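Colleague: Sequence first, predicted coordinates after that:
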Amino acid sequence: MEAIAFESRHISTRIARPAADVYAYASNPANLPEWAEGLGDTIEEIDGQWVAESSPMGRVVVVFAPRNEFGVLDHDVTLPSGEVVHNPMRVIADDTGGCEVLFTLRRQPDMSDERFQRDADMVAGDLAALKRVMERA
């Protein structure tokens, strides 16, 4: 069976902080409400899982890739339906002592152009919030 390729959009922002600092902050799920509005305004660890009760999608569970030295912040979001959405994300050091944070948004099956754009705008807003938080610290 041939795999179906869905559209991806790469959304990024540059942050004037060392990649290690940004990675350490962004990889801690407890910090998500400060910068990832798309996952809601609260998150708590329940039975070893990070749960956002008030996300725009309803109750979701967020699982990050294990901590690593490569800046990989991939995370899976389990929706109320049980569907799991994989979100590739990276923190990449640059030559200025800062970094770039890159999120790959993948269009889900049956997603309208309007909804895909809305999700892209939400991710861009979340990355802008991450930049504000990290650069004021």
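Modeller: Okay, I see it.
Colleague: Please work out which residues outside the worst-scoring helix or strand of the chain on mean pLDDT touch it.
Modeller: One helix or strand of the chain scores below all others by mean pLDDT, DSSP states H and E: strand 49-55, with a mean of 85. Outside of strand 49-55, the residues within contact range by CB atoms under 8 Å, 6 or more residues apart in numbering are 29, 32, 38-45, 59-63. Glycine gets a C-beta too; all of them are placed from N, C-alpha and C.
Colleague: hey, where'd the strands end up in the protein?
Modeller: 8-15, 44-46, 49-55, 58-64, 75-78, 84-87, 89-93, 99-106 (DSSP state E).
Colleague: per-stretch mean pLDDT over the ones you listed, give me the minimum one.
Modeller: Among the strands of the chain, strand 49-55 carries the lowest mean pLDDT, at a mean of 85.
Colleague: Now do the buried residues in that one.
Modeller: Within strand 49-55, the residues that count as buried by 16 or more other CB atoms under 10 Å are 50, 51, 52, 55.
Colleague: can you tell which of the strands of the chain is closest to residue 125?
Modeller: Shortest distance between residue 125 and the strands of the chain, using CB to CB, is found for strand 8-15: 9.9 Å.
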